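Trainee: here is my input; please provide its structure:
(one chain, ligands or ions: 1)
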Amino acid sequence: MGARGIIGAGSALAVTVAALVASAAPTPAVDIQVFQFQPGAVEVRAGTAVTWTNRDDIEHTVTSGDPEHHGGRFDLSLPGRGTTKTVTFSEPGVYPYFCDRHPSMRGEIRVNSTNESTNERKER
Ligand SMILES: [Cu+2]
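Mentor: Down below sits the predicted model:
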């Protein structure tokens, strides 16, 4: 509610700033490999840019929401091996996403506020 995603594909400046904010956390990157998002769930601090890299030879998408309810926050196409896309998550919240071409592919980005520990985990 009220969360706004900033779509920053290819913004080197945004990536650099996010890296400073999240310097204690490992680089948030998701590989798309063999019809899976790996890791499937990523937890970051607000303001962090997350990058997806397609390792498959076919097109995948990173689409917010789920197949029944598109979230409308981001809808990225990664048309083939080696393509990458980045989204900066500026607002805390839970952002589920899926692949529009293969609806069984699901992932989730959990965005904590900047003064929360990223070590805090909530299991489903
Ligand atoms: Cu796919």
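Trainee: the longest strand in the protein is where?
Mentor: strand 69-78 (DSSP state E).
Trainee: from Ala49, how far out is Pro67?
Mentor: From Pro67 across to Ala49, the span is 25 Å (Cβ to Cβ, to the nearest Å). (C-beta placed from N, C-alpha, C; glycine too.)
Trainee: ok, the two, which is more surrounded?
Mentor: It is Ala49, of Pro67 and Ala49, that has more neighbours when counted by other Cβ atoms under 10 Å, with 25 against 14.
Trainee: partner strands of the helix or strand harbouring that one and their direction?
Mentor: When secondary structure is defined using DSSP states H and E, the element that contains Ala49 is strand 48-54. Each strand pairing with strand 48-54, determined using DSSP bridges, is listed with its direction: strand 29-33 (parallel), strand 84-89 (antiparallel).
Trainee: what sits against Asp56?
Mentor: Counting by Cβ atoms under 8 Å, 6 or more residues apart in numbering, Asp56 makes contact with Ile32, Gln33, Val34, Phe35, Gly80, Arg81.
Trainee: switch the cut-off to 7 Å
Mentor: Taking Cβ atoms under 7 Å, 6 or more residues apart in numbering as the criterion, Asp56 is in contact with Ile32, Gln33, Val34, Arg81.
Trainee: rewinding a little: report the buried residues of the next helix-or-strand element following the strand holding Ala49.
Mentor: Stepping forward along the backbone from strand 48-54, the first helix or strand reached (DSSP H and E) is strand 60-66. Buried residues in strand 60-66, counting neighbours by 16 or more other Cβ atoms under 10 Å, are found at His60, Thr61, Val62, Thr63, Ser64, Gly65.
Trainee: nearest residue to the middle of this structure?
Mentor: Centrality entry for the chain: nearest residue to the mean C-alpha point is Val50, 4.8 Å, by Cα atoms, centre = their mean.
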